[in-house]
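> Pasting the sequence and the predicted model now:
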Amino acid sequence: MASQGPELSPTAASLDGQLQDLFRALSTGFQKLDKVKDANRQSKQLEELTAKMREAKRLIKDFDREIKDEESRNSPEVNKQLNEKKQALIKELNSYVALRKTYTSALGGGRNELLDGGKGEPLIDDGVKLASSESSCLSLHVVQDTINIGEQTALTLKAQTEQMGRIVNELDTIQFSIKKASQLVKEIGRQLATDKCIMFFLFLIVCGVIAIIIVKVVNPKNKNIVDIPGLAPPASTTTNRRLLLALLES
């Protein structure tokens, strides 16, 4: 029942060799057990086989520790093959444990505890635990990684939510500023329009005054042009005197 597997380290290869020797001894022992008819001899031989199975269980645990120590130095493919090798060893041991239980039942349930060393710890349970220990550790690591990822995601979402809130507040402030700026521009536009109208009317008045002055200077005898107060030429002194004498004589 020897098994083929990957290249092993010296320690792992030594453990595998010891296990193969034990498995051959167990196979031979159970074959001989079929030929034993005496119940006491069967019981004694079962005790010897049980001791060999306990030794095989201990070696499998040592093999498991060895491949775990080498795990960081091996490639994923090699680690996979080593784990498959370990599972094959456990499966083979459990097959012998099942045979032992069959013979123990035939001899009577009262001897079962004696064959298990009086500890109530069947080898098959330990084998199953050994086979599932790595799977349990991996599951715990996956769960812990999932929890860590969930916490990190929650923190990231919280930070993004706060950042979005700040952006919304800044947009509200910018919108309010734009609205105020638009109102100010409209006010300035209205003031400029009013100032332009006033300046236009003043410009027209100034142009009219300038035109009247020019015409008055060019043609001072034109009676159709009304004198502008403060711009009419002063009356001569002689003319004033004559007017005054005429008033006195009359």
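Looks like it arrived, so ask away. Numbering: from 1, shown residues only.
> Going by C-alpha atoms from here, please, whenever you check contacts or count neighbours.
Noted.
> what's the burial count for residue 103?
Using other Cα atoms under 10 Å as the criterion, residue 103 is surrounded by 17 other residues.
> Residue 76 now?
Neighbour tally, residue 76, other Cα under 10 Å: 11.
> Can you name the element that comes right after the lowest-mean-pLDDT helix or strand in the chain?
Sorted by mean pLDDT, DSSP states H and E, the helices and strands of the chain end with helix 112-115, the least confident at a mean of 39. The helix or strand immediately downstream of helix 112-115 is helix 123-218, counting by DSSP states H and E.
> separation between the residue nearest the centre of the chain and residue 146?
Nearest residue to the geometric centre of the chain (Cα atoms, centre = their mean): residue 153, 4.2 Å. Applying Cα to Cα, to the nearest Å, the value for residue 153 to residue 146 is 10 Å.
> Quick one: low-confidence residue ranges for the protein.
For the chain, applying pLDDT under 70 flags the ranges 1-5, 108-141, 216, 219-245, 247-248, 250.
> hang on, the earlier thing: from residue 7, how far out is the residue nearest to the centre of the chain?
Spatial separation of residue 153 from residue 7 under the definition Cα to Cα is 43 Å.
> again with residue 210
Distance, residue 210 to residue 7, by Cα to Cα: 118 Å.
> do the same with residue 77
Between residue 77 and residue 7 the distance is 12 Å, computed by Cα to Cα.
> Repeat that for residue 19.
Look at residue 19 and residue 7: by Cα to Cα, they are 16 Å apart.
> Between these two, tell me which one has more neighbours.
A side-by-side neighbour count of residue 19 and residue 7, using other Cα under 10 Å, places residue 19 first with 24 against 11.
> roughly how far out does the one helix or strand residue 106 maps to sit from the chain middle?
Residue 106 belongs to helix 76-107 when elements are defined using DSSP H and E. Taking Cα atoms, centre = their mean, to the nearest Å, the mean C-alpha location of helix 76-107 is offset from the chain mean by 43 Å.
> Tell me the buried residues in it?
When neighbours are counted by 16 or more other Cα atoms under 10 Å, the buried residues of helix 76-107 are found to be 78-79, 82-83, 85-91, 93-94, 96-97, 100-101, 103-104.
> try stretch 15-32
Buried residues in stretch 15-32 (16+ other Cα under 10 Å): 15-16, 18-20, 22-23, 26, 30.
> Any chance of these in a markdown table with secondary structure and distance to residue 50 as columns?
Shown next, in a markdown table, are the buried residues of stretch 15-32 (DSSP: H, G, I helix; E, B strand; the rest coil; distance: Cα to Cα, whole Å):
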| residue | secondary structure | distance to residue 50 |
| --- | --- | --- |
| 15 | helix | 19 |
| 16 | helix | 19 |
| 18 | helix | 16 |
| 19 | helix | 14 |
| 20 | helix | 16 |
| 22 | helix | 11 |
| 23 | helix | 12 |
| 26 | helix | 9 |
| 30 | helix | 11 |
